[in-house]
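**Student:** Build me a model from this:
(2 chains)
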Amino acid sequence: MSGHSTYQPQSAFMKWMEARLPIAGLVYSSFIAYPTPRNLNYWWAFGGILALMLGSQIITGIVLAMHYTPHADMAFNSVEHIMRDVNYGWLLRYLHSNGASMFFIAVYIHMFRGMYYGSYKDPREVLWILGVIIYLLMMATGFLGYTLPWGQMSFWGATVITNFFTAIPVVGDTITTLLWGGYAVGNPTLNRFFSLHYLLPFVIAGVVVLHVWALHHVGQNNPVGIDPKGDKETVPFTPHATVKDGFMMVVFSILFAWFVFYLPNYLGHADNYIPANPAVTPTHIVPEWYYLPFYAILRAIPNKLLGVLALFGSILILAFLPWLDSSKVRSARYRPLYRQFFWIFAAVCLLLGWLGAKPAEGGYVIAARILTIYYFAHFLVILPLLGMFEKTKPLPNSISESVLSPSQAKVKV
Amino acid sequence: MTTMSSAGHSRRDFLYIATGAVGAVGAAAVAWPLISQMNPDASTIAAGAPIDVDLAPIAVGQAIKVFWRGKPIYINHRTKKEIDEARNVNVATLPDPQTDQARVKEGHDQWLVLIGICTHLGCIPIVHSGPYDGFFCPCHGSVYDTSGRIRSGPAPLNLALPPYQFVSDTKIKIG
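**Tutor:** So this is what the prediction gives:
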C-alpha cells in the first residue's frame, strides 16, 4: 500500500496546502481510496468502534473534569454534584462509566477476532504487539478512573492493586510508598491518579496512530487469511468500509444507549456509592467486570509473588502469540482443530470471569486453578503443538475463489 | 457504468439529503449537552438566590460591602451633602447621562446601592475617595461621583445597579 497518495487536489487553495503539508492526501489515501479486502465481515468493524469509544471517553472525560474535584475530602461529593447539579451531568457521568465497559466489550471482540482469523501472524506481529500495549494502557486507564469517585470499591481497589508492588522482593515496599505518596492510599494517591488518568488516553491515542500505521503498511487481514491478489479483490475504503463501520457504530451505540439510559448501574458495584472508609474493607471486594478473568487467575495461585506474576503473565503472554502459534495457515476457517480449541479458550475466559466474581472458597478455587492451568496451556502447549501437527483444510487460491467457483473466480491482476 | 433512470438518481439524492438532515439533528443533539454543561449548574444558581441586608447598623456617612452572585455590592448611607452634590449637576454634561433620582429608590434617597465593579476593566473602586468624594478606581484612574456616575477616566458607563427592593425602611432584598 505504501507510496504516494493518489489524491489530486482540485482547488488552488488545496494545491497550495498539499505542496506544504499533504494532510489531505494522507487522509485520502488512508481512509478514502485505501484498498480494503472485499470479503471483510462485520467482525472487522470493531476497530472503528474502538476509535469511536476512545473519542467518546476523551470528550466526556474532559467535560467531567471541569466539575470533578480530585481531593479525598471532596471527590465523592463532587461526583454527586455532577449527578445532581451540573446540567446533563448525570448523562455525562453515565456515558463515561458505561462507555468504559463498552470500550472493553469492543476490545475483547476485536482481540478474539484477531485470534480467530490469525491477524497476529506474519507480517502483522508488530501490529498485534501494539494492540497488546494499547490493551495494557486501557487497563491502567480504567483502573485509575475507577478510583476517582473515591467510593469503597475505588479506595479498596486502589489499595489492592497498589499492594501488588509489595510482592516485588527487596524494592517492593519502597516502590509502593513511591506510588502512594504516603504510608497508605490517601489524598496524594488520588491526586496523582487523576493526573495519570487524564494523561493515559492521549498516550493510547498515540499508540493507536502507530497501530493504524502498522496496519496500513501491511494491509488488512481478511476472513480467508489469504492476501488479496489485485484491485479486483479490494474495494475503496470509502464508501464501502466507511458505511459498514458507520452502520456497526450505530448498532453498537444502541447497545451503549440501552445501558446508559435503562441500566446505568448494572455493570457497576453498589458499594461504590458508599464513601471511601479506610477502616472497613467491603466483604465481597471485586474489580470491574473487565478485569474479572485476571482477578480469578491472581487468586487461584496461593503464592503472593507468583500470583501477581501469573496475573501480568496472563496478559503479556498475548504478545508472544505470533511465535507460539507456528501454523502457516492464518484463518481458523481452514483450521478445524484450532477452531475447536479457540472456542474452548473463549469459554475458559468467560468462566474465569464468572469465577472472578465468586468468593474465593471451596469448589470455586479448585475450578479457578484448573482453568488457570488450561489458560496458560492453551498458549504454551496447545498452540505450538497444533502448529506442528494440525491437518489444515486446503486453502483457496484467492479470495474470489473462496466465494465463487474456481472457474468464475479467475482473477485478472 | 450504465446510466440510471432519473428516478433512480433522485432517490439517491433524497437518501443522501435525508441522511444528512438526520445526521445534522443527531450532531446537534450530541453537541448540546456538552455545551450546556458549562452553564451555571443548579447549586451555583441556588447560591445566587436573593439576600436580605439589614440597613439599621449602617451609620450616616458609612458604606458597607456585601457579596451577591460573586459580585461586590456597595451600600452607602449618604449624607445630605453627598445627596445635594449628586443632584446639583447638569445631567447633559455627564459622560453617561443619568439623574441621581433614577439611581435610588423613591423615598430612600440616602441609600445608594450599586455594584462595586468599575465599568472599565473590572476592579473594585474605592468608596469615599477621588475629587468628588464618590468612588475612585485605582487601576486606571476612573472617577465616579457620589451617585456612582462616571465623571472622568477610561470607564464608559456609570456604576451598575443591582436589582433590589426595600422590604422595610431598614431592610433591603438584593436580587
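
**Student:** Would you mind naming the helix or strand containing the closest residue to chain A within chain B?
**Tutor:** Nearest to chain A in chain B, going by CB to the nearest CB, is residue B:33, at a distance of 3.7 Å. No exception for glycine: its C-beta is placed from N, CA and C like everyone else's. Element membership for residue B:33, per DSSP states H and E: helix B:6-36.

**Student:** Wait, residue A:46 touches residue A:109, no?
**Tutor:** Yes - in this structure, residue A:46 is within contact of residue A:109 by CB atoms under 8 Å, at 5.2 Å.

**Student:** And those two? Which one has more around it.
**Tutor:** More crowded of residue A:46 and residue A:109, by other CB atoms under 10 Å in any protein chain shown: residue A:46, with 24 against 16.

**Student:** what's the neighbour count on the closest residue in space to the more buried one that isn't next to it in sequence?
**Tutor:** Using CB to CB, 6 or more residues apart in numbering or on different chains and skipping the chain neighbours, the partner closest in space to residue A:46 is residue A:110 (4.2 Å). Residue A:110 sits with 20 neighbouring residues when counted by other CB under 10 Å.

**Student:** what do you get for residue B:175?
**Tutor:** The number of residues packed near residue B:175 is 14, by other CB under 10 Å.

**Student:** again with residue A:289
**Tutor:** The tally of other residues near residue A:289 (other CB under 10 Å) stands at 19.

**Student:** before we move on, what about residue A:403?
**Tutor:** Neighbourhood size, residue A:403 [other CB under 10 Å]: 14.

**Student:** Then residue A:359?
**Tutor:** So residue A:359, with other CB under 10 Å, has 11 neighbours.

**Student:** Relative to the whole chain's centre, how far out is stretch A:388-407?
**Tutor:** Chain-centre distance of stretch A:388-407: 31 Å, with CA atoms, centre = their mean, to the nearest Å.

**Student:** Check stretch A:312-331 too.
**Tutor:** With CA atoms, centre = their mean, you get 16 Å for stretch A:312-331.

**Student:** Over to stretch A:137-146?
**Tutor:** Put simply, stretch A:137-146 sits 11 Å off its chain's centre (CA atoms, centre = their mean).

**Student:** try stretch A:179-190
**Tutor:** Relative to the centre of its chain, stretch A:179-190 is centred 28 Å away, using CA atoms, centre = their mean.

**Student:** Then stretch A:367-378?
**Tutor:** Distance of stretch A:367-378 from its chain centroid, counting by CA atoms, centre = their mean, is 22 Å.

**Student:** contact partners of that stretch?
**Tutor:** Outside stretch A:367-378, the residues that touch it by CB atoms under 8 Å, 6 or more residues apart in numbering or on different chains are A:296-297, A:299-301, A:310, A:313-314, A:317, A:341, A:344-345, A:348-349, A:351-352, A:355, A:360.

**Student:** go with 6 Å
**Tutor:** With contact meaning CB atoms under 6 Å, 6 or more residues apart in numbering or on different chains, stretch A:367-378 is reached by A:296-297, A:300, A:345, A:348, A:351-352, A:355.

**Student:** Just the buried residues of it, please?
**Tutor:** Using 16 or more other CB atoms under 10 Å in any protein chain shown as the test for burial, stretch A:367-378 gives A:367-369, A:371-372, A:374-375, A:378.

**Student:** Also stretch B:162-175?
**Tutor:** For stretch B:162-175, a neighbour-count test (16+ other CB under 10 Å) marks B:162, B:164, B:166, B:172, B:174 as buried.

**Student:** and what of stretch A:293-302?
**Tutor:** Buried positions in stretch A:293-302, judged by neighbour count with 16+ other CB under 10 Å: A:293-301.

**Student:** closest to residue A:392 among those?
**Tutor:** For the buried residues of stretch A:293-302, the closest approach to residue A:392 (CB to CB) belongs to residue A:293, at 29.1 Å.
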